[in-house]
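1. here's a sequence, model it:
(one chain, ligands or ions: 2)
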Amino acid sequence: MTNPSVVGIDLGTTFSLAAFVENGRPVVVRDATGIALVPSCISFHEDGSVLVGSAAKERALSDPEHTIFSVKRLMGRTLADLKKELELIPHQIVERETADGRKVLHVKIGGREYTAEELSALILKEVRTRAGNPTKAVITVPAYFDDSQRQATRDAGRIAGFDVLRIVNEPTAAALAYGLDRRGSGTVAVYDLGGGTFDCSALSLSDGVFKVLATNGDTYLGGDDFDRLLMQVAAKEMGIDLATRDAELLQHLRDAAERTKIALSTYESATFAISITGGFRPPLAYSREVTRTEFEELIKPLIDRSLDRCKAALRDAQLKPAQVDEVVLVGGSTRIPFVRKRVGEFFGKTPHTGLNPDEVVALGAAVQADILTSGRRDMLLLDVVPLSLGIETLGGVVDKLIHRNTTVPARAMTRYTTGVDNQTAILLNIYQGERELTKDCRFLGTFKLSGIPPMPAQFAQVDVTFLVNQDGILTVSAKELRSGAQARVTVQPAHGLTTAEVDQLVNDSIENAQEDFTARRLIELRNKGENDLRHTEKGLSQAGDKLTQAQHDAIASTGAALRTAMAGTDITALQEAGMAFARATNPLATLMMNDVLRKRFGGSGEGELDAEKL
Ligand code: ADP
Ligand code: MG
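-> Ligands and ions are numbered 1, 2, ... in the order given. Okay, here's the model as predicted:
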């Protein structure tokens, strides 16, 4: 193998591995003995040396205190996010605050503290070394990973010495590995049952672009649970309490259980055997046959649970199982024949199983990496806009042009006009966020289009275009259609936003939706009132003499009432005042309309609408 310069990496909870494209085909990186999977396990030695992978996993037996598993569960999290994780990770986890007030998790091992990013970087570095030190990588993450978890993964890649080309969703990578993008369009379900986690995603494919429609899962459901079920059976028969603090005994039981489970994927029956001699304990030996049927009975409730999650994902994606065109199996645990059978039955079609389920994500990441670096095919568009982008309109309301979760590149256009006569420039404020009002969104920048020739108000037509490119960078351009005046500015959204801020913004928008809506409605009604009053004033100066005194009085009194309502915050009152004013100004509107008609058609005034009869 020639050393690749770019790889795709599956950074898993239990196993990690790399793949790259060679002669147009993705292949996984294997060691001299043919093994591709690197256990996501790190062991720190007193002398300062660090072991990663299977060597570290072996040391877990003799030195559990200095060995860490499942770092992926800590990525991009705060102490408040972690509940179950804290019980399972036998290390002290502390949260430190940075100078600028951000919270960062640290794991204490052997008197030193490490961030989750640093620990994941050690795994990535091991994977990188095995691949011959490539410089660029695409790294995969679960579809449910939020921005901070993705950012942490990206940072880990950078710490490991990679130029991280892209963070890609695991289910999308799996679909790519099977070349499903070549279908052009359709829907794909990805069932991923790994060591400690389960997730199911529904993807839509159109024009070769994948989009995650919905994802669901259980972050505590996987092969480890199947091992535990077998351990329980054995422990009961051996008279051992699994709550024992005997780490070595537990590890032996766990290994025996996993071996049995794996054998049962091939054979109808397997032997659960454990034999411990030496050390400080009395010799221990136990052996028992387990049949496949027995094992299936044990895991059935867990498989049912996973299918319930699939149902939920499909419901969110508004799909019926029969509408799914392709089913992809991912994760080592989908090697279990019973899992394949049940998933096939659920979707009513045979899942793809041609590739190794524990390699398929890395293979897909390699395909994506190759696409990004070789320019061989059109770029696959897999990223989305994290927060909505919009423009401030009258009264501090945000007019959203591009909505959150739109796939990039994204383009949106809206048309504006000038508000006053002879306005030669238009100023736009650009905001990012989910809330309705600018004061609750993040200000990104100001944009000015000048050089508009003097024209009456409402006459200029300014097309404003937002374009977010593949890297999430926003370019705003504007063009006045009558004069051709145009301007363009590049804004960098999302940057400088910490994820906590992003989370907060999203939460705020859900919690405050009702309040926002009210505020927005109020501003809109006030703007409308202001406009109506101004137009009426203009109309009165032109055609006022044709109105009766009663009509004048009605306009004056309802106009004053409208002003009062505009100063208040009662939406219903404001709405009613607006309608009363509209009724009172109706005769004037008719007169003005006639005026326009007369001017345009040179009419005599005959057949005019009669203001007094209205
Ligand atoms: P993750 O994505 O969670 O890091 P993997 O997808 O590599 O992990 O899956 C690891 C799990 O797959 C482990 O629980 C392992 O025991 C299980 N596994 C691997 N091969 C088999 C097999 N042949 N039969 C059953 N389970 C298997
Ligand atoms: Mg996985």
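2. and the residue in the stretch 251-400 of the chain that ligand 1 sits nearest to, how many neighbours?
-> Using CB to the nearest ligand atom, residue 332 is the residue of the stretch 251-400 of the chain that sits closest to ligand 1, at 2.2 Å. In short, each C-beta sits where N, CA and C put it, glycine included. The number of residues packed near residue 332 is 21, by other CB atoms under 10 Å.
3. likewise for residue 16?
-> With other CB under 10 Å as criterion, residue 16 counts 26.
4. could you pull out the helices for the stretch 351-500 of the chain?
-> 360-374, 499-511 (DSSP state H, counting those that start in this stretch).
5. any weak-confidence spans in the stretch 451-600 of the chain?
-> Within the stretch 451-600 of the chain, the segments meeting pLDDT under 70 span 470-473, 491-517, 592-600.
6. list the buried residues in the helix or strand containing residue 299.
-> Using DSSP states H and E, residue 299 sits in helix 292-316. Buried residues in helix 292-316, counted by 16 or more other CB atoms under 10 Å: 292, 295-296, 298-299, 302-303, 306-307, 309-310, 313-314.
7. show the average pLDDT along that helix.
-> Helix 292-316 shows a mean pLDDT of 96.
8. and stretch 29-38, by the same measure?
-> 94.
9. surely residue 282 is within a helix?
-> No. If the criterion is DSSP: H, G, I helix; E, B strand; the rest coil, then residue 282 is coil and not within a helix.
10. how far away is it from residue 237?
-> Look at residue 282 and residue 237: by CB to CB, to the nearest Å, they are 18 Å apart.
11. the more surrounded of these two?
-> residue 237 (11 against 7).
12. show me the contacts for residue 182.
-> Shown in contact with residue 182 (CB atoms under 8 Å, 6 or more residues apart in numbering): residue 208.
13. distance of it relative to residue 171?
-> Distance of residue 182 to residue 171, given as CB to CB: 17 Å.
14. likewise for residue 452?
-> According to CB to CB, residue 452 stands 48 Å off from residue 171.
15. looking at these two, which is more packed in?
-> Applying other CB under 10 Å to residue 452 and residue 171 shows that residue 171 carries more neighbours, namely 28 against 21.
16. the more buried one should be in a helix, yeah?
-> Yes. Remark: residue 171 belongs to a helix, assigned using three-state DSSP.
17. do I have it right that it meets residue 180?
-> No. Counting by CB atoms under 8 Å, residue 171 stays clear of residue 180, with 10.7 Å between them.
18. residues shared between the contacts of those two?
-> Contacts common to residue 171 and residue 180, judged by CB under 8 Å, 6+ apart, are 188, 328.
19. keeping just the C-alphas, turn stretch 390-406 into CSV.
-> Extracted C-alpha coordinates of stretch 390-406, given in CSV (Å, rounded to 0.1, in the frame of the first residue of the first chain):
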residue,chain,number,x,y,z
GLY,A,390,-32.1,37.1,8.2
ILE,A,391,-32.4,40.8,7.7
GLU,A,392,-33.8,43.4,10.1
THR,A,393,-37.0,45.0,8.8
LEU,A,394,-39.0,47.9,10.3
GLY,A,395,-39.3,47.9,14.0
GLY,A,396,-36.6,45.3,14.8
VAL,A,397,-38.2,42.3,13.3
VAL,A,398,-36.0,39.7,11.7
ASP,A,399,-37.1,38.6,8.2
LYS,A,400,-35.5,35.1,8.0
LEU,A,401,-34.1,34.3,4.6
ILE,A,402,-32.3,31.1,5.2
HIS,A,403,-33.7,28.8,7.9
ARG,A,404,-31.8,26.7,10.4
ASN,A,405,-30.9,23.2,9.1
THR,A,406,-31.0,24.2,5.4
